[in-house]
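Colleague: Kindly generate the corresponding structure for this input.
(one chain, ligands or ions: 2)
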Amino acid sequence: MTENRQYLGLDLSTQQLKAGIVNENLETVLQVSVVFDTDLPEFRTQGGAIIDKYDPHCITAPVLMWVKAFDILMDRLVVAGADLAQIAAVSGTAQQHGSVYWQKGANDTLKTLDPSQFLHEQLSHSFSITNSPIWKDSSTTKQCKELEKAVGGPEELAKITGSRAYERFTGPQIAKIFQTRPEAYKSTERISLISSFVCSLLLGEIAPNDISDGSGMHLLDIRTKTWHQPLLDACAANLREKLGEPVASNTNLGPISRYFVERYHFSPDCRVVACTGDNPASLIGMRLREDCLAVSLGTSDTAFLWLMEPKLVLDGHVLCNPVDREAFLGLLCFKNGSLTRERIRNSCADKSWDIFNQLLESTPRGNFGNMGLYYDVHEILPFLKGDFRFNKSQRVQKFTSLEVEVRACIEGQFIAMRSYAEDFGFHIGNGAKILATGGASHNRSILQVLADVFNSPVYVQEAANSAMLGSAYQAKTGLLGKDYRDIIAVLPEPQKVCDPYLDAEEIYAPMVRRYRQIVKELLQEQKVRPIFDQEN
Ligand SMILES: Nc1ncnc2c1ncn2[C@@H]1O[C@H](COP(=O)(O)OP(=O)(O)O)[C@@H](O)[C@H]1O
Ligand SMILES: O=C(CO)[C@@H](O)[C@H](O)COP(=O)(O)O
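Modeller: Ligands and ions are numbered 1, 2, ... in the order given. Next up, the predicted model:
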């Protein structure tokens with residue numbers, strides 16, 4: 001098996017579950033996916049999520065849908081010709097912050113799974129909360145305030161955990177369940193992040209949370225890499241025992257569950273390496289370096305950078321680095337990414353990316369002074385919801401043409417990203433590079449706008465699924481116990497796909513300034529301010 005060793009990476013993202021196999025040279029052998037909305041229509045999700053009928057801030061996903069997707073995915077791997085006996089190690093990644101609540105007795109069920117039955121049949125009574133809160137949720141403002149108060153304010157919370165309080169983070173989510181569903185909380189044996197839930201299925205027992213995804217909870221001290229007891233206490237009773245102790249992100253946890261050996265013919269020697277969040281995994285998959293800003297254009301749009309020190313920021317997050325214990329990862333997350341672009345594509349471009357791109361390219365950089373901000377769900381940065389359109393001088397209800405709307409959507413998203421990335425310490429110019437990944441990184445017209453807004457060249461790597469590939473590379477790193485830089489050294493360099501136009505900075509620097517002013521006014525107008533301002 002050593003010569004033909006392969007590595008499997010899984011990615012349970014918002015809209016789908018993906019799997020990719022790489023060989024010893026980290027070349028992709030095959031990829032398959034299960035799309036929740038279309039492959040599992042019985043769960044009635046939209047974009048992989050369920051928005052509560054009575055409280056639109058409350059956004060969840062059915063945990064059994066994810067479990068069901070697991071068996072379908074394995075079947076698809078087999079049908080696609082994967083020889084799962086060659087997989088030497090597997091790891092996984094998932095959308096960050098969401099949480100899974102295992103019912104008492106679930107660990108025993110996981111340890112004794114019957115390979116002749118589907119996982120969802122056997123795990124149907126293993127969850128005390130059937131719909132898991134996910135990162136799109138924004139229903140925990142009350143719990144966020146309580147958490148900040150418990151440690152002396154937003155800055156203190158950011159110093160300890162890398163972030164001031166954010167609604168989607170796991171700590172406030174757990175606190176809300178503890179407060180509003182005490183019986184369900186009481187009957188919960190363990191709480192997993194979605195990444196460690198994936199890991200638990202693979203391992204056949206409840207797996208530990210890793211420190212990198214663990215930094216998206218408001219519970220971990222990012223310097224000591226251990227849970228912060230006052231924060232655990234501020235969220236819920238007996239939380240430490242429900243979470244278990246966190247582990248390094250590349251920990252080799254043990255052999256794969258007998259379920260996968262007997263049902264799908266994995267080798268009993270196949271090892272399971274700890275799973276992490278999709279943004280940390282993308283850092284690995286993209287071979288992030290210090291001079292680069294990585295931009296992931298998936299369901300969410302995220303931007304992240306490698307940090308040597310845990311910079312104190314109030315708009316953005318600092319996470320533990322998944323591959324270097326001494327380093328950190330700076331992260332910005334924007335909720336209204338691909339699904340908002342799809343909405344504008346559907347209303348302006350007949351549901352076609354080709355038409356969308358033609359419209360985008362038919363408008364000039366700067367969009368005649370028009371600017372648009374589109375927030376279908378409550379945005380994180382800034383904390384606003386709704387559509388906001390501005391012409392050269394004032395707010396307007398509608399733009400004069402479809403092409404202006406299309407460009408306003410894309411420019412507005414990247415101008416916002418640049419503004420927050422600059423606040424994080426990312427310097428435009430001086431050899432800065434953008435590395436793009438995620439579904440929309442297939443779209444050159446969109447990437448050209450990204451290059452122009454940041455006045456920096458944009459690079460992509462062959463496969464856009466960097467989170468999934470990152471977890472396959474992590475499987476190899478964890479198995480061999482080597483430095484990840486040695487493992488990924490075999491990969492080809494990313495390819496440059498777009499250079500900015502010469503007039504880009506002249507056009508976009510003033511637009512970034514205008515964006516900052518617009519957001520300040522909108523927040524004042526709506527009297528919806530970031531939590532740290534409300535407290536002061
Ligand atoms: N050619 C394209 N242009 C723009 N967006 C695209 C294109 N192809 C796919 N996408 C977007 O990619 C999104 C999925 O991205 P992906 O990174 O796979 O998401 P996730 O990992 O969050 O599930 C889809 O919602 C779709 O809008
Ligand atoms: O909330 C965040 C990061 O803080 C999101 O980036 C989620 O991790 C969702 O990822 P995708 O499904 O968009 O890949």
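Colleague: could you pull out the helices for the stretch 1-150 of the chain?
Modeller: Here the stretch 1-150 of the chain has its helices, by DSSP state H, counting those that start in this stretch, at 36-39, 63-79, 106-111, 119-122, 141-151.
Colleague: Turn the ones you listed into TSV, columns for mean neighbour count.
Modeller: Bear in mind the C-beta positions are built from the backbone N, C-alpha and C, glycine included. Below are the helices of the stretch 1-150 of the chain laid out as TSV (neighbours: other C-beta atoms under 10 Å):
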stretch	mean neighbour count
helix 36-39	17
helix 63-79	20
helix 106-111	17
helix 119-122	18
helix 141-151	19
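Colleague: closest to ligand 2 out of those helices?
Modeller: helix 36-39 (11.1 Å; C-beta to the nearest ligand atom).
Colleague: what helices or strands is that closest one leaning on?
Modeller: Counting contacts by 3 or more C-beta pairs under 8 Å, 6 or more residues apart in numbering; DSSP states H and E, helix 36-39 packs against helix 63-79.
Colleague: Check the residue located most distally from the centre of the chain and give its pLDDT.
Modeller: Ranked by distance from the centre of the chain (C-alpha atoms, centre = their mean), the top residue is Ser393, with 36.2 Å. Looking at Ser393, its pLDDT reads 95.
Colleague: And for Lys527?
Modeller: Looking at Lys527, its pLDDT is 68.
Colleague: ok, now Val313?
Modeller: According to the prediction, Val313 has pLDDT 89.
Colleague: Confirm it sits in a strand?
Modeller: No - counting by DSSP: H, G, I helix; E, B strand; the rest coil, Val313 is not part of a strand but coil.
Colleague: any idea how far Pro208 is from the residue farthest from the centre of the chain?
Modeller: Distance, Ser393 to Pro208, by C-beta to C-beta, to the nearest Å: 56 Å.
Colleague: Over to Val490?
Modeller: The value you get for Val490 to Pro208, if C-beta to C-beta is used, is 29 Å.
Colleague: and what of Leu220?
Modeller: 12 Å.
Colleague: More neighbours: which of the two?
Modeller: Each of Leu220 and Pro208 has its neighbours counted (other C-beta atoms under 10 Å); Leu220 has more, 29 against 23.
Colleague: Next, give phi and psi for that one.
Modeller: Backbone torsions for Leu220, taken as degrees, to the nearest 10, come to phi -100, psi 140.
Colleague: Now it. Nearest residue, chain neighbours left out?
Modeller: Of all residues not flanking Leu220 in the chain, Gly214 sits nearest, at 4.6 Å (C-beta to C-beta, 6 or more residues apart in numbering).
Colleague: Now do the same contact list for that neighbour.
Modeller: 193, 220, 246, 320 (C-beta atoms under 8 Å, 6 or more residues apart in numbering).
Colleague: For the third one, give its distance to ligand 1.
Modeller: For Pro246, the distance to ligand 1 (C-beta to the nearest ligand atom, to the nearest Å) stands at 24 Å.
Colleague: repeat for the second one
Modeller: For Leu220, the distance to ligand 1 equals 24 Å [C-beta to the nearest ligand atom].
Colleague: shared neighbours of Leu220 and Pro208, anything?
Modeller: Jointly contacting Leu220 and Pro208 under the rule C-beta under 8 Å, 6+ apart are Pro246.
Colleague: With mean pLDDT and distance to Cys292 as extra columns, can I get the helices of the stretch 1-150 of the chain in TSV?
Modeller: Shown next, in TSV, are the helices of the stretch 1-150 of the chain (pLDDT from 0 to 100; distance: least, C-beta to C-beta, whole Å):
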stretch	mean pLDDT	distance to Cys292
helix 36-39	98	31
helix 63-79	98	31
helix 106-111	98	39
helix 119-122	98	39
helix 141-151	97	31
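Colleague: Which one, of those helices, ends up nearest to Gln448?
Modeller: Smallest distance to Gln448 across those (C-beta to C-beta): 29.6 Å, for helix 36-39.
Colleague: Looking at strand pairing, list the partners for Phe334.
Modeller: Asp301 (DSSP bridges).
Colleague: show me what contacts it?
Modeller: Per C-beta under 8 Å, 6+ apart, neighbours of Phe334: 300-302, 379-381, 413, 416-417.
Colleague: Also Ile211?
Modeller: By C-beta under 8 Å, 6+ apart, Ile211 lies in contact with 220, 225, 246-249, 320.
Colleague: Among those residues, which one has the most neighbours?
Modeller: Ser249 (32 neighbours).
Colleague: separation between that residue and Met308?
Modeller: For Ser249, the distance to Met308 equals 18 Å [C-beta to C-beta].
Colleague: Please identify the residues of this protein in proximity to ligand 2?
Modeller: Counting by C-beta under 6 Å from any ligand atom, the positions of the chain adjacent to ligand 2 are 13-14, 95-97, 135, 168, 216, 277-279, 298-300, 302, 331, 333.
Colleague: when you check ligand 1, which of those turn up near it?
Modeller: 13-14, 298-299.
Colleague: Between all of those residues, which two are separated the most?
Modeller: Greatest spatial distance among those (C-beta to C-beta): Thr14 and Gly298, at 7.5 Å.
Colleague: Centre of the chain to stretch 319-328, how far?
Modeller: In terms of C-alpha atoms, centre = their mean, to the nearest Å, the centre of stretch 319-328 is set 17 Å apart from its chain centre.
Colleague: residues of that stretch that come out buried?
Modeller: 319-324, 327-328 (16 or more other C-beta atoms under 10 Å).
Colleague: Show me what whichever strand or helix holds Pro280 is packed against.
Modeller: Following DSSP states H and E, the helix or strand that holds Pro280 is helix 278-285. The contact analysis (3+ C-beta pairs under 8 Å, 6+ apart) places helix 278-285 against strand 6-12, strand 87-94, strand 292-297, strand 301-307, strand 328-334, helix 466-480.
Colleague: Relative to ligand 1, how far out is the residue nearest to Leu220?
Modeller: 21 Å.
Colleague: Need the phi and psi values for that residue.
Modeller: phi -60, psi -20.
Colleague: Against ligand 2, how distant is it?
Modeller: Gly214 is 13 Å from ligand 2, by C-beta to the nearest ligand atom.
Colleague: Check this structure for the residue nearest ligand 1 and tell me.
Modeller: Closest point on the chain to ligand 1, by C-beta to the nearest ligand atom, is Gly439, at 1.9 Å.
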